[in-house]
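Asks: need coordinates for the below:
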Amino acid sequence: MKETSFKVVDASTINKDIHAIDHGTIIYTHSGNARVRINFEHWELSDHDVLIFFPGDMVKWEMVSDDFSSHVIRYSSNVLRTASMNVEHAVYEKLKADRRCGYKDLINNVVDSMFRIFNFYFTVEHYSMTDRIVTLQLQAFFLGFYDYLQSNPREDLRSKGTQRTDELFNRFMELVENEFKKGHEVNYYAERMNISRRYLGIIVRGKTGNSPKQLIDEYIILRLKLIMRTTKLSLKQISHDFNFSDQTALTRYFRAHVGISPQQYRLK
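Replies: Numbering: from 1, shown residues only. So this is what the prediction gives:
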């Protein structure tokens, strides 16, 4: 099974339901407009825009115009890991924080060329080493993108609140993404962040309009749906992996948030 794919997507082929992804993706738009929510942040897209998705992202396409069209390179977590092997953690975090590449000269000179290379190897001829080609192209892109950002800093106009609250919110989301299997309750994250539950609630509501518990539950449910859809793990094993006391507790939690049991969800 190949670990990379390249295709054109439009309004009719985009999954508009909220979902968690287990792969990395770069979207390069051709036409139209769209608005997508990634982990409770909103991003606007028009023609010749670039947006980067990472494994574990929660994605919701909230608006897609009828004439929207884009090229999409999709790659597995293994490919992303290999491509970023020699990239410092700070680079990766910088890319996640500024995932919409808004520099037109970088897009015109680098991204456009990279996608023309992908288009050739995936669609013009049949090649057997496309996974390796994508990995090397991604490695060059990540390093070049980070270097460009360092040399051309810009003010983040999307930021809300003070730098301190932004840092705490980003820390909360990072913890949820990495520790959702262990942390089902707000107190877990407040203690990890050395702040009060009340203060965490003020920060999260100020950034998203939702409570921390709503974000935690939504992320856990999306990850449960993902693993149920993409693996054949038993509910007993999933219950253990997600730190539920038993399968009954998992079923009760899932039904409360989804409206159906895990067994029924798998049969859909």
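Asks: in the protein, which spans are helices?
Replies: 77-83, 89-97, 104-106, 112-119, 130-151, 163-179, 186-193, 197-208, 212-230, 235-241, 247-258, 262-267 (DSSP state H).
Asks: compare the mean pLDDT across those helices and name the weakest.
Replies: For those, mean pLDDT drops lowest on helix 89-97, to a mean of 69.
Asks: got phi/psi on the closest residue to Tyr253 other than its chain neighbours?
Replies: Nearest residue to Tyr253, sequence neighbours excluded (C-beta to C-beta, 6 or more residues apart in numbering): Phe244, at 6.7 Å. Just so you know, the C-beta spots here come from the backbone N, C-alpha and C atoms, and that holds for glycine as well. When quoted as degrees, to the nearest 10, the phi and psi of Phe244 stand at phi -90, psi 150.
Asks: for Phe244, grab the count of nearby residues.
Replies: Neighbourhood size, Phe244 [other C-beta atoms under 10 Å]: 22.
Asks: confidence score at it?
Replies: Confidence score, pLDDT, at Phe244: 96.
Asks: from Ser31, how far out is it?
Replies: With distances taken as C-beta to C-beta, to the nearest Å, Phe244 is found 45 Å from Ser31.
Asks: same question, Gly56
Replies: According to C-beta to C-beta, Gly56 and Ser31 sit 29 Å apart.
Asks: Asp22 contacts Thr231, correct?
Replies: No. Asp22 is beyond contact range of Thr231, at 10.0 Å (criterion: C-beta atoms under 8 Å).
Asks: got the phi and psi for the most centrally placed residue in the chain?
Replies: Most central in the chain under C-alpha atoms, centre = their mean is Asp57, positioned 2.3 Å from the mean C-alpha point. Reported as degrees, to the nearest 10, the phi and psi values for Asp57 are phi -70, psi 140.
Asks: wait, what's in contact with it?
Replies: 20-21, 38-39 (C-beta atoms under 8 Å, 6 or more residues apart in numbering).
Asks: in CSV, list those residues along with neighbour count.
Replies: Putting those into CSV (neighbours: other C-beta atoms under 10 Å) gives the following:
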residue, neighbour count
Ala20, 22
Ile21, 18
Ile38, 19
Asn39, 21
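Asks: could I get the helices of the chain as a markdown table with mean neighbour count and distance to Asp67?
Replies: Formatted as a markdown table, the helices of the chain follow (neighbours: other C-beta atoms under 10 Å; distance: least, C-beta to C-beta, whole Å):
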| stretch | mean neighbour count | distance to Asp67 |
| --- | --- | --- |
| helix 77-83 | 17 | 31 |
| helix 89-97 | 14 | 29 |
| helix 104-106 | 13 | 21 |
| helix 112-119 | 16 | 19 |
| helix 130-151 | 17 | 27 |
| helix 163-179 | 16 | 33 |
| helix 186-193 | 17 | 42 |
| helix 197-208 | 17 | 30 |
| helix 212-230 | 18 | 29 |
| helix 235-241 | 16 | 41 |
| helix 247-258 | 15 | 34 |
| helix 262-267 | 13 | 34 |
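Asks: put together a markdown table for those, with distance to Asp47 on each row.
Replies: Below are the helices of the chain laid out as a markdown table (distance: least, C-beta to C-beta, whole Å):
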| stretch | distance to Asp47 |
| --- | --- |
| helix 77-83 | 26 |
| helix 89-97 | 22 |
| helix 104-106 | 11 |
| helix 112-119 | 12 |
| helix 130-151 | 20 |
| helix 163-179 | 30 |
| helix 186-193 | 39 |
| helix 197-208 | 29 |
| helix 212-230 | 30 |
| helix 235-241 | 42 |
| helix 247-258 | 37 |
| helix 262-267 | 37 |
